[in-house]
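Enquirer: the sequence isn't on hand, but the structure is:
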């Protein structure tokens, strides 16, 4: 059932324009239609956990501190400025007063046009309620945004005159109004009112300030945009004393003064903010390219990303580095990985985290725990390149693990390691989506100016990553008043221009996430030369031929489907895999493109990668040839392999190298005693014993053709190879052991689950069911009952009737088809009130339509505490 059909199901009378103004937030919510309730629950999904019983409970939950903070964090800058202006306005505030606080005395057409939308947004999210003549900010939001000594307002305004003089003696208040040229009053309340009227009267206030000394006006200039607090010495200077005598500065404590809100607003020209920002900053274009150039550059980077991931996991094919006791990869192992990939440590951490997020890499869970590829890696290798790319970018888009944090410290000062704990940041997926979505608003081929992009993100979520709150007043010399000790006033320093929220520091989390997103998107091939590629638009479900709207990426399409579309677009852009190499006389081979899988695997055993890029260069060495022989290949096999896959003749130096290594390979045999060496040529064994380099192996002759060693076979093999020999390992039966590159894999592992940033967004089905349940519960809670005359029921208490009265009442209701109000206690002892329309009463049970649950239910009569008829106008 759609949301639009809920009005017919909720049985709530339509609210007309003549209805009385709401007195509470619950009444304001009750006056909404079902679309309005659904919009609230969609914008603030935390209100659904669990579904409120009625609208009163919904209003209470919407006013809790945690929920309000989450809602404020998701406001854009102008909506937040609107809420901040309401926090310093009278409560309730007419719409013209709010408009004046944002536009000032001079007015602003842009703000006037944008303000209705901001107020509507605040109303929709239940942060503001009431008609335009009585706008109210919910109490918790007012407490968070209103000025106080502990938490100054982001507007830079201080307390009102009434608040600042609340602890002042009546005599002192009379002295202030007398110094300001006002007539004495009979009580402090009227005195404060008279002083407030003076400060809010533009003409009289201007006349008073015209008589102020220039130094006093300079002090006001230091305080006007906040912070409004300053420190004074025991003997203030004359300008400060002049301001104190007339109430333009009011004491907060013996050493602290504050500029009253009314005075600051006059000096500001009526503005609550120095720089209101009704419009989002424009997204600048840094450079423009042809879309084909962007797609080509992005495809090249995507191919490099696949090669890098494959190289990384192949290097850990037989088991990677050990897992730290606290979890994660050691700094030394990260450096080794970065050196092997020929990238920076930050980039290496990104590739590691990407493999982990994609489920291709995990710890093996053994006692000597180490990292290794997962079985999913083998399946990934078998896929076409474009599909492999899509299986990397889709997890990256939704992952909360943040590689950019590696190398930093957590809240306790501990280093954050790659693949370790404490790397999850819940806002990361939302920032990635938003950054790519903003890039998609530009014409295809346009690269965004990064600074304008970051400014746009800060405008959209000013409270995310930027702390809110003020600083304690600092002692700063007042203008023209001499040093602090001579009676100066000090301020906390000029704030952020009186803007709603101070600009976040360059290192705030949201800005850093945005910077990392741009860099990582380029590494993955989602962008090319800074512009969004065609496959990336498909991944975000955005138009390919024209600029997209500001709508959230995704558009309701499953990410896996969108990733498949992106892979389809990327496939023709990737270079075709080749089945040949070009052998050269300097013992190298050049691969003119990505090699097909069998050829790449075989060549990786026979040669070492010397350089990467558009063409990969492999180098043949004695060690690489021996590695191929150890894997079971013979010299003739290697010659045939090279002839079959080379477009050039096999160079003579390479053929000599293979034959020379093969002739010496296996001449020595190593087995397990602790370890032993045997050779048919006893002169070779004599050479080994005579070589000083063999001393560490602890060799001794057991027979003319056998040497025993004090090291294990693996160490003995390595030692002999370092001496220039080519030994082969053998089994207990004397057969040569073939050391194939068998892969070590972890057990089946699932990719890490992203840490959610609050409750998930509800779908239409959940919203519809929640609205119906809330409406039904509210109808039961607000239904008017006929109370028994003999035993009236207290407000909120369950009805109490005897068993006979309960049975008679529900039977009568079943016959007449009317609804009744019952008290019910379930099997767990939880009591509730319900409105039901009985249809059948038999066997100790009553069956009827439960308006509270919006379904037909059956209740045992012995669990019904009592029953009451509804008032006539409720039936």
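Expert: Good, I have the coordinates. Just so it is clear, the structure is predicted and the values come from calculations on it, not from any experiment.
Enquirer: helix or strand next in line after the worst-scoring helix or strand of the chain on mean pLDDT, which one?
Expert: Ranked by mean pLDDT, DSSP states H and E, the weakest helix or strand in the chain is helix 6-10, scoring a mean of 35. Where DSSP states H and E defines the elements, the next helix or strand beyond helix 6-10 is helix 25-30.
Enquirer: tell me which other helices or strands that following helix touches.
Expert: helix 55-62, strand 128-129 (3 or more CB pairs under 8 Å, 6 or more residues apart in numbering; DSSP states H and E). All C-beta atoms are positioned from the backbone trio N, CA, C, and that covers glycine.
Enquirer: kindly recompute the last result at 6 Å.
Expert: helix 55-62 (3 or more CB pairs under 6 Å, 6 or more residues apart in numbering; DSSP states H and E).
Enquirer: give the buried residues for the helix it packs on.
Expert: Within helix 55-62, the residues that count as buried by 16 or more other CB atoms under 10 Å are 55-59, 61-62.
Enquirer: same question for stretch 192-211.
Expert: 192, 194-196, 198-200, 205, 208-209.
Enquirer: first-to-last residue distance for it?
Expert: Chord length of stretch 192-211, first to last residue, is 22 Å (CA to CA, to the nearest Å).
Enquirer: pLDDT of it, averaged?
Expert: Averaging pLDDT along stretch 192-211 yields 90.
Enquirer: same question, stretch 372-387
Expert: Rounded mean pLDDT across stretch 372-387 is 91.
Enquirer: quick one: terminal-to-terminal distance for it?
Expert: With CA to CA as the measure, the first residue of stretch 372-387 is 22 Å from its last.
Enquirer: other residues contacting that stretch?
Expert: For stretch 372-387, contacts defined as CB atoms under 6 Å, 6 or more residues apart in numbering pick out 306, 313, 316, 319-320, 359-362, 364, 388, 567, 570-571, 574, 744-746, 748-749.
Enquirer: buried among those residues? Need that as a selection in PyMOL.
Expert: The following PyMOL line selects those of the contacts of stretch 372-387 that are buried, judged by 16+ other CB under 10 Å:
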select buried, resi 306+313+316+319+320+359+360+361+362+364+388+567+570+571+574+745+746+749
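Enquirer: out of the contacts of stretch 372-387, which sit inside strands?
Expert: 361-362 (DSSP state E).
Enquirer: distance to residue 809 for the buried residues of stretch 192-211 - can I get that in JSON lines?
Expert: Putting the buried residues of stretch 192-211 into JSON lines (distance: CB to CB, whole Å) gives the following:
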{"residue": "192", "distance to residue 809": "59"}
{"residue": "194", "distance to residue 809": "63"}
{"residue": "195", "distance to residue 809": "64"}
{"residue": "196", "distance to residue 809": "60"}
{"residue": "198", "distance to residue 809": "66"}
{"residue": "199", "distance to residue 809": "64"}
{"residue": "200", "distance to residue 809": "61"}
{"residue": "205", "distance to residue 809": "69"}
{"residue": "208", "distance to residue 809": "73"}
{"residue": "209", "distance to residue 809": "74"}
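Enquirer: could I get these as a markdown table with secondary structure and distance to residue 661?
Expert: Conversion of the buried residues of stretch 192-211 to a markdown table gives the following (DSSP: H, G, I helix; E, B strand; the rest coil; distance: CB to CB, whole Å):
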| residue | secondary structure | distance to residue 661 |
| --- | --- | --- |
| 192 | helix | 99 |
| 194 | helix | 104 |
| 195 | helix | 99 |
| 196 | helix | 97 |
| 198 | helix | 100 |
| 199 | helix | 95 |
| 200 | helix | 96 |
| 205 | helix | 97 |
| 208 | helix | 100 |
| 209 | helix | 96 |
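Enquirer: which one among those gets closest to residue 416?
Expert: Using CB to CB, residue 199 is the member of those that lies nearest residue 416, at 52.3 Å.
Enquirer: what's the closest non-adjacent residue to the closest one?
Expert: Excluding its sequence neighbours, the residue lying closest to residue 199 (CB to CB, 6 or more residues apart in numbering) is residue 262, at 3.7 Å.
Enquirer: any idea which element the one you found lies in?
Expert: Here residue 262 is assigned to helix 261-267, by DSSP H and E.
Enquirer: grab the nearest non-local neighbour of residue 422.
Expert: residue 410 is the one closest to residue 422 (CB to CB, 6+ apart), at 4.9 Å.
Enquirer: count of neighbours near the one you found?
Expert: 13 (other CB atoms under 10 Å).
Enquirer: shouldn't it be in contact with residue 421?
Expert: No - judged on CB atoms under 6 Å, residue 410 makes no contact with residue 421 at a distance of 8.8 Å.
Enquirer: overlap of the contact sets of these two?
Expert: Counting by CB under 6 Å, 6+ apart, nothing touches both residue 410 and residue 421.
Enquirer: what residues does the top helix by length along the chain touch?
Expert: Longest helix of the chain, by residue count under DSSP state H: helix 291-315. Contact with helix 291-315 is made by 340, 351, 373, 377, 385, 388-389, 444-445, 524-525, 528-529, 531, 533-534, 573-574, as judged by CB under 6 Å, 6+ apart.
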